[in-house]
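**Q** output the structure for:
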Amino acid sequence: MTVSNIAHAWRSLLYVPGNNERFLSKAQSRGADALILDLEDSVPDDRKSEARKMVSDAIEPLAKGPSALVVRINGGVRAAVADLEKVVRPGLSAVMISKCETPEKPAVIGEILSDLEAERGLPLGKIALIALVETPGGLADASRIAHSDSRLAAMLLGSEDFATACRMDPSQDTLKLAKQSIIYAARSAGLAPLGLLDTVANFSEADLVGLVERSKQFGFSGSTCVHPRVVNALNDGFQPSVEEIREAQRIVAAMAEANKKGRGAASLDGRMIDAPLLKRAQDTLAQVSNAS
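**A** Reported below is the predicted structural model:
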């Protein structure tokens, strides 16, 4: 899987505090598609150095598990460089860029990654980037950020920080436009849009299934989460259902038959099937293939 599409297969990305040895040791048993080893918000300022070492030491043993490894680095340049110096090592799949507010930032982080990969004998360009947009300025520049570096594989909105910066209460209504803007920016650059149509603080487990389904309908491909109990709902909700897979197969077959007859469209159950519906069906089947 190439660096550009690695994140499209991630339905669930579980945050793991980088300074909690117990959580790190259990992380690969949680069932998430990816683990975000966090060096930013979940780590107090006076524990950053300790967390860097703990995450660095944990990457090699954790890389033997099924979940891909992502590290969320700190937003400040000096702290980000210190983070990268420690965590760029075999087994790391991606780096999440906190406070990603300009297109220059992924380019700078990408250049540092290239230097470290070359220095440490790692495959060049294989560590992906995830852009975490957290302010109105970053959202305004989301499209340019999404197109800024070839390592970028995904983009998401930091809902709580964004709402705080906007001085608004985070909710489905207040965040909807910002969330959709992230989807549009990410999809325009071929990135995976990650997230839910609400902040994780605003729903109960009973509401989660419906929220994931609606988020998928809007175009999100997966989401981060802060608690292991959410992982299964994300995995189930963002995975195509049996019915969706069967319908996609029928659409592909109908279009193949129409093409044999020299037609660019087909009729299926009284519906007109054309190129956009075929593309969506092919994307559904590709998602199943990537997950297997």
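**Q** okay, now the nearest residue to Ile73 once chain neighbours are set aside: neighbour count?
**A** Leaving aside its sequence neighbours, Ile73 sits nearest to Asp83 (CB to CB, 6 or more residues apart in numbering; 4.0 Å). Any C-beta I mention is one placed from the backbone N, CA and C, and that applies to glycine too. Asp83 has 25 neighbours, counted by other CB atoms under 10 Å.
**Q** which element is Asp83 on?
**A** Here Asp83, judged by DSSP states H and E, is contained in helix 77-87.
**Q** residues contacting the residue nearest to Ile73?
**A** Applying CB atoms under 8 Å, 6 or more residues apart in numbering to Asp83 gives the contacts 39, 52, 71, 73-74.
**Q** same check on Glu247?
**A** So Glu247 contacts Ala281 (CB under 8 Å, 6+ apart).
**Q** now with 10 Å?
**A** Going by CB atoms under 10 Å, 6 or more residues apart in numbering, Glu247 touches 240-241, 268-269, 277, 280-281, 284.
**Q** likewise Arg30?
**A** 12, 14, 16, 23, 65-67, 225, 227-232.
**Q** strands along this protein, start to end?
**A** With DSSP state E as the criterion, the chain has strands at 12-17, 34-38, 68-73, 94-97, 128-133, 152-157, 192-194, 223-225, 266-268, 271-273.
**Q** closest one to Asp169 among the ones you listed?
**A** Evaluated with CB to CB, these place strand 152-157 nearest to Asp169, the distance being 15.4 Å.
**Q** starting at the chain centroid, how far to the closest one?
**A** 6 Å (CA atoms, centre = their mean, to the nearest Å).
**Q** hey, C-alpha coordinates of that strand in CSV?
**A** Output of strand 152-157 as CSV, limited to C-alpha atoms (Å, rounded to 0.1, in the frame of the first residue of the first chain):
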residue,chain,number,x,y,z
LEU,A,152,0.1,13.6,3.2
ALA,A,153,-2.4,10.7,3.5
ALA,A,154,-5.2,12.1,5.7
MET,A,155,-6.7,15.2,7.2
LEU,A,156,-9.0,15.9,10.2
LEU,A,157,-10.5,18.7,12.3
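**Q** so which elements touch it?
**A** strand 94-97, helix 104-120, strand 128-133, helix 142-146, helix 172-188, strand 192-194, strand 223-225 (3 or more CB pairs under 10 Å, 6 or more residues apart in numbering; DSSP states H and E).
**Q** give me whichever of those is most buried.
**A** Neighbour counts (mean count of other CB atoms under 10 Å) averaged over each of these peak at strand 128-133, with a mean of 28.
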